[in-house]
Every structure is written in C-alpha cells, then in structure tokens.
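1. Whatever this is, show me its structure:
(6 chains)
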There are 4 protein chains.
Amino acid sequence: MTSLNAVAPAPRRRESSRLAILDAALALCREEGYARLSIEGIAARAGVGKATIYRWWPSKGAVLLEALDREAAAVTAFPDTGDLVADMRTTFNDVIRFHASPDTGPAFAALIAEAQQDPALGPLLLEHFFMPRRAPIVQRLRQAQRAGQLPETLDVEAVLEVIFGALFHRLLLRSGPLDAAYANFVVDTVFAGTSAVQST
Amino acid sequence: MTSLNAVAPAPRRRESSRLAILDAALALCREEGYARLSIEGIAARAGVGKATIYRWWPSKGAVLLEALDREAAAVTAFPDTGDLVADMRTTFNDVIRFHASPDTGPAFAALIAEAQQDPALGPLLLEHFFMPRRAPIVQRLRQAQRAGQLPETLDVEAVLEVIFGALFHRLLLRSGPLDAAYANFVVDTVFAGTSAVQST
Amino acid sequence: MTSLNAVAPAPRRRESSRLAILDAALALCREEGYARLSIEGIAARAGVGKATIYRWWPSKGAVLLEALDREAAAVTAFPDTGDLVADMRTTFNDVIRFHASPDTGPAFAALIAEAQQDPALGPLLLEHFFMPRRAPIVQRLRQAQRAGQLPETLDVEAVLEVIFGALFHRLLLRSGPLDAAYANFVVDTVFAGTSAVQST
Amino acid sequence: MTSLNAVAPAPRRRESSRLAILDAALALCREEGYARLSIEGIAARAGVGKATIYRWWPSKGAVLLEALDREAAAVTAFPDTGDLVADMRTTFNDVIRFHASPDTGPAFAALIAEAQQDPALGPLLLEHFFMPRRAPIVQRLRQAQRAGQLPETLDVEAVLEVIFGALFHRLLLRSGPLDAAYANFVVDTVFAGTSAVQST
DNA sequence: AAGTAACCGAGACGGTACGTCCGGTCTTTGC
DNA sequence: GCAAAGACCGGACGTACCGTCTCGGTTACTT
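-> Here you go, the predicted structure:
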C-alpha cells in the first residue's frame, strides 16, 4: 500500500551515519555542554560531512532532540494500581530521575532553552517529545475522572502543566534538589488541591 | 580620614555609557530577538567600545539581566487585604502580565534559557532577580502561617516554586495562554492543596 | 593509475579569490600605505572572508609579497652586450626604476621593514623574491669571471649585496634621489673597485 | 640666566620618568622584540601613565630612537692615523659591531623598519642619529680630498651611503654574516673604486 | 552489466561574532 | 599643577562556526 503512490524513490539514507551523528551529538553535549556543541563538531566526531547533517535535520536542536528521544524511549512504563496518587508519585519519580541524571537532564534543559531562540524547535519538542510521553498519564487521569476520583470538570492537561512546570523550576534554575521528596511534594500538593478546584 | 580606608580608588565609570548599553540591549532584544543579540551589536548601537561592555559585565546575559531588572523595578506593589488567596491571585496576575508582555516576557524567557549555558548566570538570576521579588510574597505567606491560615510545617518557598514553575511551563513551551485564568487556576489549585500537605 | 599515488586530493582553491586578494592588497597598499593595510581591509575589498586569507597565507606580509612578485614578474629582461659595466648600468637602472616607482617602491620597502618583525618573512623574501631575480645577474658575473673580466676569487654575491644595499639606503632612508645617476655611480664605484679586491 | 625670560613656566618634566621610560623601552625591545613593543607595555613597565609618554614623544619609534641614541652615545671614537683605508676599516668595524650586537642591532633595524610607516621618524633618524655620527667620517674624507688622497670631485656622502647601505643589506635581510671580513670587503671595494669614479 | 542519480566525506567559501589587545584621548585623583 | 592611573571609543587581531557550495568517490536502483 505504501509503495503504490511512492513518487519520490525513498531517500537512500545511510543509517550508520544517522546513528553516528546522534551518538556524537549526545556524547559531545555530555562532555562539553550544549553551549560548546556545534554542527561542525558533531560532523567531525561522527566522521561525517556537515552537509549530511544539514540534509536531514533543520538545526542542532533537532539533532539533539532526536538523540534524546532515542535515549528516553524505554522510560515510559506507566503503572495503574488503582491508587491514583500513588501511581502519580511513581510516575513523577521516574520523570525526576530523568531530569536529575547528568546524562539527560542538562541536555533536556538545553533543548527547552534552545526552543526560546529556535521557533521551530518549540512545537517539535511539544509534539514529538512531551505529548507522546504525557498521553498515558492523561489517559490515567481521564479514567480517574470517569471513576469519580477526580472532578469531571478538571482540566487535566493544565494539572500536568503545573506539575511538570514545578519540576522545570528546579531543573532550569537549580533552586533546589531534584529528588523524590520534591516530586512527592508537588504531586501531593496538586492532587490534594484538585478536588476543590473546578477548571481553567 | 578619607584616605585611610580608601583601598580601591572607586572605578571612575561613565554612567552615560552604562545607560546607553542597557537601553541598546533591551531595544535590540525587542527588535531582533535574543538570538540575534550580540555584544558587537549592543556596542555599535550604544556608540560604545566592546571593551567597555566586557569591562563591566561578564556576558551578554548579565547585561540583559541588569537591563530587565531596571525595567521591572516598579512592578512590586504587593497587596495585603487579609484574604490570602485573593492576594495571591492579585500578585500572580501581575506576574503573568510581566511574562505575557512582548517587551519583557521573551527577554525573560531568553535569560532563563541563557542560564542553561552560562553557569554564572543562573545564580545571578536567582539572587538578583528572583529572590528580591519573591521576598515580600514569602513574608506574606509566613505571616499567614503565624495567623493559622496555612500549616506551620508547610515549605512556602517550595509552594512558590510550584506556582512560578507552572507559569514557566507556558512561558517556555507556549503550551497554552499566559492569562489571568491560568494564573488563578494555578493559585487556586496549589493553595487548595496546601492545607492537606505538610512539607517537602 | 591516477588513484594509486593520489594521497593528497589537491586543495580545490578558488583562483578568483586568490587574485582578488592580491589585487586588493596592492591597491590598498598604494592608496593607504602599508601601515593602514589590514587583513580585515583586504578581505572586505576583495569581497572575501578573512578565513580565506588566513587559510592560504601566514601573514599580511606574505600576501603583499606574492602580490608584488606578480607585479614584478616581467621586469627581468637581462642584457648581455659583452660590455659588463654597461650591462650592469642597464640592469640597475631597471632595478632603481622599480624602487623609485610609487606603485612598487613603498610596498617593497614596507616588505623589508615587515621582515624585521616577522621572522618568517625574511627568508621568504630572500628565497622567493631576491634570489630568483639575482640569479641571472650572478650568472652574468660568473661568466665575466670565466672570461677574465673579473678576478676569479671575487665574491660576486657580496658585490651584489653592496650594490643592492646602496640602493636600499636611499629607498629606506630617503637620503637622496633614487635616479639613474645614483645607480650609475654605485655600479661604477663598485666595479671599479672589484678589480683590486679579492674576496670576503 | 636661562630663567630670566622664561615666560612659559618651563615644563617641569620629571627626569626619573623619562629615564624609566627609555630603560623600559630598551628592555622590552630586547626581551620581546620590537613587534611586541607597545606604548601600553612601556608605560606599565616604567610605572608611568600612558599620557606621560604621549606628552613628550610623538610615537614609540621616537622613544626607542632616544633610548638607542643614549645607548650608542659613547661609540664614536674616530681614528686618524693618516692611512685612510685603515682608518675606514677601523671605523666600519666599530659600526658593524653595533649592527651585530643583539642589544642594539635588532632595535636599530626595527627603527629603520618603523621609519617606513611613520613619516616623521625617517627625517628624525637621519638628522638626530645618522648625520651626527657620520659627520666626523665626512670630515675625515673631506680632509683626505684636500690632501689629494681622494678625487676632489668625489661625492663623499654618496660613498658613505654605499658603505652603510651594504651593511644594511646584511642587517636587514640577514643575507650573510655581519663580521669584520664583510666590513673590510665593503670598505676595500668602495675605496678601491673611488679613485676612478668622479661624482654622482 | 552498465548507466545514472542520489548520497556520502571532505572541506573551501563568504560571513558574523567572538573575546583580546592596543592606539590615542580624556577625566579623575593624588602628590 | 603636573603626573599616575586608567576608563573610554575605535578598530584590527586571529579563531570558531555558521550554512552553502562544489568536488570526487561510492552505492544502489534502473534499464
């Protein structure tokens, strides 16, 4: 079915180059920091021409996003024990470990930062990184609404913005430790509040 | 008498240059965006040598921070009507107007972004921008604790991180409108939750 | 066959840029003087990136040397009428015209000057500019030695140093006119002396 | 007597600063080379404000010229044994020692170089350095003319230009050793030639 | 099996901005 | 009242990357 209308003859992309680029991007970001990351450097490290990167990615932010996405792919095991707040604690303990890891946290923060200057990266980040990962959490909250554990009128997406935003505060400003205690505090506070609040 | 303690001979800094630099930085940031902001450009616009900027500021982020600080100086009128949640709604409606303004919001977001790559800027931002502005809010919350309106054991600084973080989410990811409705939702949710939660 | 020994893939240098740079260097040197000559200015005038100059030349002196070399390429018609002193007069009248020309003289003087501060330029000047141009004169003098017109033991290279040095004196110190009379005086004096002197 | 008509209050120049500046200039030139010599550096080394240098000297070349002049003041013992060529050999052996010395040679070469780019320095060099030092040699040659040892019509100044120029060649281009053998060769060649040549 | 078209590595190119250094001027402060 | 100290504007330095481009050489479809 897919090949029926295939006008363009499928770009004969070299997979080994793609992987080398993603690996080089992550490694350089870890070792030198995002500020010192450059397309020039990625190309050299990956043993690849610069044009190969420009051919397939619009910006260095997009390269790192794809690299980080690959890295974070296996995290999303999402629990459903029936206890809503307990499940949320579990979930956001996972999330905060991702934020706190020296491998992924700084790169992730750098992506949010880069999105402020690269207009294309913000939507990319939202659609290809955040939304797919939040979808199961949203499902869980909607189900809780149907079960009467949460008010029907509650804007669950906004609730997630509050929780993730609270984590961003410590990730981006280093205003305190990114640990389980903080994650639990945020989850408890917000979900304690939700029963009394109706919507945006 | 004067020469007794006169260790450093007071740097004979030219105030007119300082102001020209701050104005140029803000104007260029507004007109071109932070990404296109450069020390070279600020110097040219301000009619100033680059060295004059490097002499007094460690980075372009620090320049913009000082410029933004001057701009945001007069915002901090803080109400105390006795109704805690109403006062908080008022306060964070002010805050969200700062975030939503095209003059200050993008520059502020850019500063948070820049802090991810400039290790010196994060603490600077925290100490010279956030903490002085949050101090009266913290005072108000402490007073509410003493009045029995909030649990004694509540970590009020963490509460503020949750609220400000929630605003950051929409500021940085543009995941939704930065309006009064969102500010009120966040305030209501968090303060409804605080009575049931003890501490970090 | 071609690929067997093809180790280095021949740097695909853009000839048009090379020529534009040489032309710009000479023109700027003429118009503004060597002191005001800068790599920045050459690049701007030639419509070329600075890196392109730094990639191919070690210094602005080397650029000007190559430019001057190209300019002076066609001068070297060297006569042999059998009359040694007459031929030398002809030759050094040519040389002194090169020194006296406002197009080439000041640039040439500037190169000698620059060689005092750029250790690499001195040898470059000697090997790529002076020696190739003096070679035919040395040949002529050697032949005169074989013909018995000059003492066999005479150090002809040293003789040329005396003559060229005498011209340098007026070129560099402007101690008198750089004209045919001076050239003839120098040639006559030195060659009148050579028959009585043996070597260094 | 001098102070009687002193309308302008005699610039109360601080001699200690003047000497410190000259010493610093010579020392830095020796240690770092003329290329790295800067007014900034001289001022710092001498413990003097930059303005103090600009007040009393027009350029760094002029500073070094004065410094070098002080250094070379005591060289000028000039012999008159009656044997013209022998005296000239003695004289130019002195000169070439000055050129060959690592303390004075490079600084002297640098001054000649600087004169190519600083229009004021050339005449300064000629009048305050060369001419006073050559005057006794010219006297000696004029006396030799009166004594019939040299042709009356000979341009003795031009003769000196040839000899000094020949030394410059090796000083500036390092085309061979600056030793007594070369000095003697130059003197012998030129003076052997002078008896047969009339004038410029 | 040859033709061919895209991808690939390499890296030169015109540019922009970096952060540093120095030139020459001007201002403040102290001796 | 000069001189030290040094801030100031300006401008060039040499470097690092940007994003584009051209060049040979490979690779994998097409014919």
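
2. since we're on the residue of chain A found nearest chain D, how many residues are nearby?
-> Going by CB to the nearest CB, chain D is nearest to A:Arg36 of chain A, at 30.8 Å. Where C-beta positions appear, they are placed from N, C-alpha and C, glycine not excepted. As a burial measure, A:Arg36 scores 11 neighbours (other CB atoms under 10 Å in any protein chain shown).

3. per-residue pLDDT, it?
-> The score at A:Arg36 is 91. That number is its pLDDT.

4. got the residue ranges for the helices in chain A?
-> A:15-32, A:39-46, A:50-56, A:60-71, A:84-100, A:105-115, A:121-125, A:131-146, A:156-173, A:180-194 (DSSP state H).

5. Out of these, flag the one nearest chain C.
-> Nearest to chain C, of the helices of chain A and by CB to the nearest CB, is helix A:39-46 at 12.8 Å.

6. Flag every buried residue along that closest one.
-> Of all the residues in helix A:39-46, those buried under the rule 16 or more other CB atoms under 10 Å in any protein chain shown are A:Ile39, A:Ile42, A:Ala43, A:Arg45, A:Ala46.

7. gap between the two ends of stretch A:94-110?
-> 20 Å (CA to CA, to the nearest Å).

8. Wondering if it reaches chain B at all.
-> Yes - using CB under 8 Å from any CB of the partner chain, stretch A:94-110 reaches chain B at A:Pro106, A:Ala109, A:Ala110.

9. Could you export those as JSON lines, including pLDDT?
-> Below are these laid out as JSON lines (pLDDT from 0 to 100):
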{"residue": "A:Pro106", "pLDDT": "92"}
{"residue": "A:Ala109", "pLDDT": "94"}
{"residue": "A:Ala110", "pLDDT": "94"}
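
10. For chain A, what lies in contact range of DNA strand F?
-> Proximity of chain A to DNA strand F, by CB under 7 Å from any atom of the strand, involves residues A:9, A:12, A:36, A:38-41, A:49-51, A:54, A:59-60.

11. go with 6 Å
-> A:Pro9, A:Arg12, A:Arg36, A:Ser38, A:Ile39, A:Glu40, A:Gly41, A:Lys50, A:Ala51, A:Tyr54, A:Lys60 (CB under 6 Å from any atom of the strand).

12. biggest separation within these, which pair?
-> A:Pro9 and A:Arg36 (38.7 Å; CB to CB).

13. in chain A, which ranges drop under the pLDDT threshold?
-> Across chain A, the ranges flagged by pLDDT under 70 are A:1-11, A:73-77, A:195-200.

14. how many other residues sit next to whatever residue of it ends up closest to DNA strand E?
-> Ranking the residues of chain A by distance to DNA strand E (CB to the nearest atom of the strand) places A:Gly49 first, at 2.9 Å. A:Gly49 has 11 neighbours, counted by other CB under 10 Å.

15. Can you give me every residue that contacts A:Glu157?
-> For A:Glu157, the contact set (CB atoms under 8 Å, 6 or more residues apart in numbering or on different chains) comprises A:Val138, B:Gly176.

16. Look up how far B:Leu171 lies from it.
-> Here the criterion is CB to CB, to the nearest Å. By it, A:Glu157 lies 16 Å from B:Leu171.

17. And A:Asp179, by the same measure?
-> A:Asp179 is 25 Å from B:Leu171, by CB to CB.

18. Between the two, which is the more surrounded one?
-> B:Leu171 (23 against 15).

19. quick one: that one and B:Pro106 touch, right?
-> No - using CB atoms under 8 Å, B:Leu171 is not in contact with B:Pro106; the gap is 9.1 Å.

20. In space, what's closest to the residue of chain A closest to chain D - neighbours in sequence excluded?
-> A:Leu28 (7.6 Å; CB to CB, 6 or more residues apart in numbering or on different chains).

21. Then A:Ala43?
-> Counting by CB to CB, 6+ apart, the residue nearest A:Ala43 is A:Lys50, at 4.5 Å.

22. got it, and A:Gly47?
-> Here the residue nearest A:Gly47, using CB to CB, 6+ apart, is A:Ala20, at 6.5 Å.

23. try A:Ile96
-> A:Ala183 (4.4 Å).

24. Could you count how many residues lie near that neighbour?
-> The number of residues near A:Ala183, taken as other CB under 10 Å, comes to 27.

25. Let me see the contact set for it.
-> Taking CB under 8 Å, 6+ apart, we find A:Ala183 in contact with A:Arg89, A:Phe92, A:Asn93, A:Val95, A:Ile96, A:Leu167.

26. try A:Pro102
-> Taking CB under 8 Å, 6+ apart, one finds A:Arg30 in contact with A:Pro102.
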